[in-house]
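> just the structure for this:
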Amino acid sequence: MAGEPVITVVGNLTDDPDIRTTPSGDTVTHFTVASTPRTFDRRSNEWRDSAETLFLRCSAWRQEAEHVAESLTRGTRVIVQGRLRQRTFETRQGEKRTVVECEVDEVGPSLRFASATVAGGPRTGIPAGDRFGAAPAAGGPPARDDGERHAPGESELPF
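You can find the predicted model right below:
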């Protein structure tokens, strides 16, 4: 759907991801990211919380759900990018409630204070191609190592 609000959040997982299978057979993993804006106070030479903590409930689906559940644990600093969704439901007491959640498009560990080892194979069902997903045309110019296209005999720029 066009015009959906997209958000990027950096924060820490509040608990281990919770993986489940829906009645239709899809895999979904739910997790919550806690993000607290901080500023550096030069007078005291300390970091200070500058606003209340945001607790954002997130859901990842299918293969990404499995990867999240296998790779991330409570306390892991993550970067999450996704689309905000508003959902209304009724409690057992009959009260209507509305929540805003993030349907995850991309998620990964933050490498600012840690390192990670990436493991994975080729994507299935997606044709091989350059870094933008486009496969070179038959007989077309070859791709350089940086993924850019050039014609045979084209001179390289000095920068």
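
> need the contact list for V28.
19-22, 59-61, 65 (Cβ atoms under 8 Å, 6 or more residues apart in numbering). All C-beta spots, glycine's among them, are computed from the backbone N, C-alpha and C.

> actually, T98.
Contact partners of T98, counting by Cβ under 8 Å, 6+ apart, are 86-89.

> tell me, what's the model's pLDDT at the residue nearest to V33 when sequence neighbours are not counted?
In space, and not counting its chain neighbours, V33 is closest to G11: 4.2 Å by Cβ to Cβ, 6 or more residues apart in numbering. We note a pLDDT of 93 for G11 in this prediction.

> which SSE is G11 in?
Under the criterion of DSSP states H and E, G11 resides in strand 6-13.

> what does C102 give?
Secondary structure from DSSP H and E places C102 in strand 96-109.

> next, the buried residues of that strand.
By 16 or more other Cβ atoms under 10 Å, the buried positions in strand 96-109 come out as 101-102, 104, 107-109.

> do the same with stretch 7-25
For stretch 7-25, the neighbour count (16+ other Cβ under 10 Å) marks 9, 11-13, 17, 19 as buried.

> and the residues you listed as JSON lines, adding distance to V33?
Shown next, in JSON lines, are the buried residues of stretch 7-25 (distance: Cβ to Cβ, whole Å):
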{"residue": "V9", "distance to V33": "5"}
{"residue": "G11", "distance to V33": "4"}
{"residue": "N12", "distance to V33": "7"}
{"residue": "L13", "distance to V33": "6"}
{"residue": "P17", "distance to V33": "11"}
{"residue": "I19", "distance to V33": "16"}
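
> and those, which is closest to T32?
L13 (7.0 Å; Cβ to Cβ).

> what's the nearest residue to that closest one if we skip its chain neighbours?
L13 sits nearest to T76 (Cβ to Cβ, 6+ apart), 5.1 Å away.
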